[in-house]
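# Fold the following and give me the result.
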Amino acid sequence: MATISTESDLAVASVAAIHAGDVAALRSLLENHPWLATARLGDDDPAGMSRTLLHVVTDWPGHHPNGPACVSALIDAGADVNARFRGRHEETPLHWAASSDDVAVLDALLDGGADIDASGAVIGGGPPLADARAFKNWAAAARLIERGARVTLVDAATLGLRDRLEHMIDDLPAPQAGELSRAFWGACHGGRSDCALYLLERGADINWIPAWENVSPLDAAQRDGANELAQLLRARGARSATAA
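Numbering: from 1, shown residues only. Next comes the predicted model:
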């Protein structure tokens with residue numbers, strides 16, 4: 001598998017074609033240089049970073065013109081739909097599409113054989129759904145679930161899937177306080193009052209602080225405007241992580 005500099009003429013031309021949605025130009029490049037479909041753009045050094053052209057299609061903010069057609073052109077030319085970013089994480093193009101809330105490209109990747117539950121997310125090394133959930137990309141999250149993504153307790157709570165959440169907890173032999181509290185934090189992050197209150201009733205810690213950021217459930221609800229939920233939490237004794 002070739003690795004080429006992001007500043008090379010071929011890399012620049014390929015990225016420009018993808019960003020412009022010029023499918024004809026992209027297909028021409030792939031026909032003239034078949035190895036481009038599987039090439040990596042970046043640094044060949046093991047400590048460096050590199051990505052594929054499918055990552056270029058899905059890179060934030062995504063939603064490039066003719067994105068799905070570019071995905072199809074690359075897959076038709078032999079691109080690995082499950083290729084991983086090489087660097088500080090190992091995300092696949094599907095992870096990036098989920099992080100960009102680009103549902104059309106997400107569908108094209110899944111239609112092309114992408115692993116819907118691939119590991120490697122920047123969020124805990126999880127699947128694409130973990131990225132969509134963490135970045136509040138609700139459209140991508142909903143489509144991933146519709147297409148069969150595995151749903152965790154935290155996913156269900158964060159996305160407001162109350163019925164699914166109840167069934168999942170009922171199926172647990174003995175829900176641990178940590179599991180409930182993590183899901184509760186997710187519900188607050190998503191502004192899902194119904195799920196948050198349900199989890200409190202089941203024993204979640206109202207002031208649980210996650211390992212990844214010093215943000216309490218109250219802080220998580222407040223930072224994106226879930227004011228009604230924040231008011232309910234305060235009434236029950238919730239505190240900010242920064243409170244003395």
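
# Count residues in the vicinity of residue 106, would you?
For residue 106, the count of nearby residues is 31 (other CB atoms under 10 Å). Every residue, glycine included, has its C-beta placed from N, CA and C.

# three-state assignment of it?
Using DSSP: H, G, I helix; E, B strand; the rest coil, the structure places residue 106 in helix.

# my guess is residue 116 contacts residue 149, does it?
Yes. Here residue 116 reaches residue 149: they are 5.0 Å apart, a contact under CB atoms under 8 Å.

# For those two, list the residues in contact with both.
Common neighbours of residue 116 and residue 149 are listed as 127-128 (criterion: CB atoms under 8 Å, 6 or more residues apart in numbering).

# Between those two, which has more neighbouring residues?
It is residue 149, of residue 116 and residue 149, that has more neighbours when counted by other CB under 10 Å, with 21 against 18.

# Please name the residues that touch that one.
Taking CB under 8 Å, 6+ apart, we find residue 149 in contact with 116-117, 127-129.

# from those residues, which would you call buried?
The neighbour count (16 or more other CB atoms under 10 Å) marks 116, 127-129 as buried among those.

# from the residues you listed, which ones fall inside helices?
Counted as lying in helices by DSSP state H, out of the buried ones among the contacts of residue 149, are 128-129.

# can you map out the strands along the chain?
For the chain, the strands defined by DSSP state E cover 3-4, 40-42, 50-51.

# sorry, back to before: could I get the buried ones among the contacts of residue 149 in JSON lines, plus columns for pLDDT and distance to residue 145?
Compiled in JSON lines, the buried ones among the contacts of residue 149 are given as follows (pLDDT from 0 to 100; distance: CB to CB, whole Å):
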{"residue": "116", "pLDDT": "98", "distance to residue 145": "10"}
{"residue": "127", "pLDDT": "98", "distance to residue 145": "11"}
{"residue": "128", "pLDDT": "98", "distance to residue 145": "11"}
{"residue": "129", "pLDDT": "98", "distance to residue 145": "7"}
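
# who does the least confident helix or strand in the chain by mean pLDDT pair up with?
Least confident helix or strand, the chain: strand 3-4 with a mean of 90, by mean pLDDT, DSSP states H and E. Paired with strand 3-4 in the same sheet, following DSSP bridges, are strand 40-42 (parallel).

# Would you mind measuring from residue 13 to residue 229?
Separation of residue 13 from residue 229 (CB to CB, to the nearest Å): 49 Å.

# Compare those two (neighbour count), which wins?
Legend: neighbour count by other CB under 10 Å for residue 13 and residue 229, higher for residue 229 (24 against 17).

# Show the contacting residues for the more buried one.
Applying CB under 8 Å, 6+ apart, the residues near residue 229 are 188, 191-193, 196, 221.

# a markdown table for the buried ones among the contacts of residue 149, including distance to residue 87?
Shown next, in a markdown table, are the buried ones among the contacts of residue 149 (distance: CB to CB, whole Å):
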| residue | distance to residue 87 |
| --- | --- |
| 116 | 23 |
| 127 | 19 |
| 128 | 18 |
| 129 | 22 |
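
# Right, I'll call it a day here.
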